[in-house]
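*Asks:* One predicted model, sequence on top.
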Amino acid sequence: MYVWARLARTIATAPRRGSYVMGGESRLAFRCLPTDIDANVHLNNARYMTLADLGRIDIFVRAGLVTLARRNGWAPMMGGLQSVYVREIRLWRRFEVVSSIETWEGTGVIGKHRFVLDNGETAALIMTTAGFYDRTGRRFLDIDEVVAALGHNLQPRPLMEAERMFMTSHQGLRSLAKAGGAAGLPVDKSASED
């Protein structure tokens, strides 16, 4: 189930958080609700992705990207993500999703979503890559074009080692998916034998 009430709240309260500046953060506060949990009574893995969506939406709204995309016929699209879970978020626990645009390279933006417990500890970290598809031009836009269209004269910082590793892994998995999903992977024949 999508988090429609949380989405409405995020959009309605975006003006209070001011404009998003590249290099800044989006901070959204939540509590782990009964609709968020799995059989282990903690935030389920799918909900992390959904709440990270809200962090991206908050950034896109506050940066003016939603308005710009609608006006130009652009569609923001996720390329992929990688997540790690280091501490559980138990039922009723308060936490924040701290989201940021880290940098960009070519047609890809690298984002980060950190799930922070009420005691300051990190519970999970998600790295994402996304882009903007120009439906009229039938191409992904160079992110420098998007930044310029927002009226900014910004240069991306070089990728850090962790970001480079993430993008290398992402490209490898993307190639595997385009090849049909099984190329280069070992096949476990015992699973299909009776």
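*Replies:* Received the coordinates, thanks. Numbering: from 1, shown residues only.
*Asks:* average model confidence for the strand or helix carrying Leu125?
*Replies:* For Leu125, the host element (DSSP states H and E) is strand 122-134. Taken as a whole, strand 122-134 carries a mean pLDDT of 97.
*Asks:* Mean confidence (pLDDT) on the helix or strand following that strand, please.
*Replies:* For strand 122-134, the following helix or strand on the C-terminal side (DSSP H and E) is strand 139-140. Strand 139-140 carries an average pLDDT of 96.
*Asks:* And for stretch 26-43?
*Replies:* 97.
*Asks:* gap between stretch 124-141 and the chain center?
*Replies:* With Cα atoms, centre = their mean, to the nearest Å as the basis, the distance from the averaged C-alpha position of stretch 124-141 to the chain average is 11 Å.
*Asks:* List the pairing partners of the strand holding Leu125 within its sheet, with orientation.
*Replies:* Next to strand 122-134 in the sheet, as set by DSSP bridges, lie strand 74-85 (antiparallel), strand 108-117 (antiparallel), strand 139-140 (antiparallel).
*Asks:* Let's have the ones you listed in a markdown table, adding mean neighbour count.
*Replies:* C-beta: built from backbone N, CA, C; applies to glycine. Formatted as a markdown table, the strands paired with strand 122-134 follow (neighbours: other Cβ atoms under 10 Å):
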| stretch | mean neighbour count |
| --- | --- |
| strand 74-85 | 15 |
| strand 108-117 | 21 |
| strand 139-140 | 14 |
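*Asks:* Now do the residue nearest the centre of the chain against Gly120, distance only.
*Replies:* Nearest residue to the geometric centre of the chain (Cα atoms, centre = their mean): Thr128, 4.6 Å. Thr128 sits at a distance of 23 Å from Gly120 (criterion: Cβ to Cβ, to the nearest Å).
*Asks:* No further queries at this time; thank you.
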